Structure formats: C-alpha cells, structure tokens
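Chemist: Predicted model follows, preceded by the sequence.
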Amino acid sequence: MIARQRFGGFPAKLPGVSPLSRADLLWLVLSPAYFVFGTARHELAHAVAAVAQGATIVDWSILPATLRGTFYFGYVRWAGGDVTWLATAAPYLVDLATVALGLALLRLPFTRRRHWLSVNLYILTIASPLLDSGYQYMRSLLLDGGDVGALLTDQPAPAVHAYFVTTIALYAAVNLRILGPALRGVMSGLR
C-alpha cells in the first residue's frame with residue numbers, strides 16, 4: 001500500500017518513480033533560463049545557416065523583444081549572401097539533431113546516475129525541441145506567419161507539413177516514453 005500525505009491525497013512515494021525533491025523545484029524556477037537557451041539554439045541555427053550562405057548578421061536577440069510592432073521570443077536579421085530556405089529551416093533540423101543527441105546522452109551510465117544532469121539534459125534536449133517545433137508549427141497554422149509560414153510559402157506545403165507532423169509526433173513519443181513511468185505513477189496516485 002502506498003503511504004499518503006495528509007494534503008491532497010497524493011502519494012508520498014510512488015512505486016518505481018523517484019520522488020521529487022526540493023532541489024527539483026529549482027528546475028521550475030530556472031524555466032526562463034531554459035527558454036532563453038532554447039531561443040539561443042533556434043536563432044543561432046538561423047544565423048549559422050545564413051552566414052554559411054554568405055550573409056552578414058545585422059541584428060539579433062535571444063531575449064523576448066518587439067520588432068516592427070511584432071512580438072518575438074528572439075530573432076536574427078541578416079543581409080546579403082545567397083540565402084536559401086535552409087536558413088529558415090535550420091532550427092528545425094537542429095531540433096531533430098538535438099533530440100538524437102539528447103537520447104544518446106541520457107542513455108549513458110554517467111548521466112543516469114546523476115538526477116540533476118538527466119533532468120537538465122531532458123529539458124534542454126528532449127522537451128525544448130518539442131516546444132520549439134510544436135509552437136512554431138501551430139503558430140503557422142493559426143496565424144499564417146513565422147518561420148514555418150515562410151517555409152510553407154517557399155517549399156511544397158505537403159513536404160513541410162509532413163516534416164513537422166512527423167517530427168513533432170516523434171518528439172511527443174520520445175517525451176511520453178521518458179515521462180511515461182512518472183506519469184503512470186502520478187495517475188495511479190490520483191485514483
């Protein structure tokens with residue numbers, strides 16, 4: 001039988017799931033830093049692809065800002081060069097590579113023995129790409145804009161939709177696979 005805390009009826013310890021500690025609350029407090037890191041990864045991917053195609057970066061931000069009356073979590077502007085759609089698509093290719101790298105790192109024994117490291121790697125390499133690609137794709141569907149909107153204009157729409165639907169489904173499946181045991185434990189505690 002699972003011991004229960006007096007408040008809320010949540011289990012004090014879930015079988016097979018490491019309990020959250022006070023130190024784990026730090027990761028919640030640090031969530032703005034995770035957003036900035038994800039934005040930096042996204043904008044840096046645009047910048048590297050644009051510079052590789054001969055452009056010069058004229059302005060950029062990895063902090064939320066308003067540019068010409070529109071809110072952005074971050075942005076990069078470039079000039080010159082023969083910049084193609086790859087500069088627009090670069091963050092989403094980097095998202096895919098980031099998830100692959102994250103999966104590899106999370107499987108290492110060194111990482112698995114260090115809870116703080118595995119939590120941070122999960123947030124930065126698994127959850128963040130899902131949020132980035134998912135947000136940008138939904139934004140393009142609802143508001144007809146952003147990077148994905150530009151890709152839908154420049155490239156065959158079925159190919160762009162297929163890429164985003166496939167990768168977002170993959171990222172969601174990876175997230176569920178990693179979080180599944182904890183979610184099942186929490187859900188069983190709610191019954």
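Modeler: Arrived safely, thanks for sending.
Chemist: Contact partners for the residue nearest to the spatial centre of the chain?
Modeler: The geometric centre of the chain, computed from its C-alpha atoms, lies nearest to Ser128 (C-alpha atoms, centre = their mean), at 1.7 Å. For Ser128, the residues meeting the contact criterion (C-beta atoms under 8 Å, 6 or more residues apart in numbering) are 34, 37-38, 41, 98. Using the backbone N, CA and C atoms, a C-beta is placed for each residue, glycine as well.
Chemist: just the strands in the protein please.
Modeler: If DSSP state E is used as the criterion, the strands of the chain fall at 56-61, 65-67, 70-72, 75-79.
Chemist: Any chance of JSON lines for the ones you listed, columns mean pLDDT?
Modeler: Listed next are the strands of the chain as JSON lines, based on pLDDT from 0 to 100:
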{"stretch": "strand 56-61", "mean pLDDT": "94"}
{"stretch": "strand 65-67", "mean pLDDT": "84"}
{"stretch": "strand 70-72", "mean pLDDT": "83"}
{"stretch": "strand 75-79", "mean pLDDT": "94"}
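Chemist: Could you identify which of the ones you listed is most buried?
Modeler: Each of those was assessed for mean neighbour count using mean count of other C-beta atoms under 10 Å. The highest is strand 75-79, with a mean of 18.
Chemist: and that strand, which strands flank it?
Modeler: When sheet partners are counted by DSSP bridges, strand 75-79 sits next to strand 56-61 (antiparallel).
Chemist: what's in contact with the strand it pairs with?
Modeler: Strand 56-61 is contacted from outside by 43, 47, 50-51, 72, 74-81, using C-beta under 8 Å, 6+ apart.
Chemist: closest to Gln155 among those residues?
Modeler: Distance from Gln155 was checked for each of those by C-beta to C-beta. The minimum falls on Ala50, at 17.0 Å.
Chemist: from what I can see the closest one touches Gly81, true?
Modeler: Yes: taking C-beta atoms under 8 Å as the contact criterion, Ala50 and Gly81 are neighbours in contact, 6.6 Å apart.
Chemist: Which one's more surrounded, those two?
Modeler: Per other C-beta atoms under 10 Å, whichever of Ala50 and Gly81 has more neighbours is Ala50, with 24 against 14.
Chemist: ok, the more buried one - contacts?
Modeler: Contact partners of Ala50, counting by C-beta under 8 Å, 6+ apart, are 57, 76, 78, 81, 83, 87.
Chemist: okay, now Leu151: neighbour count?
Modeler: Each residue near Leu151 was counted by other C-beta under 10 Å, and the total is 23.
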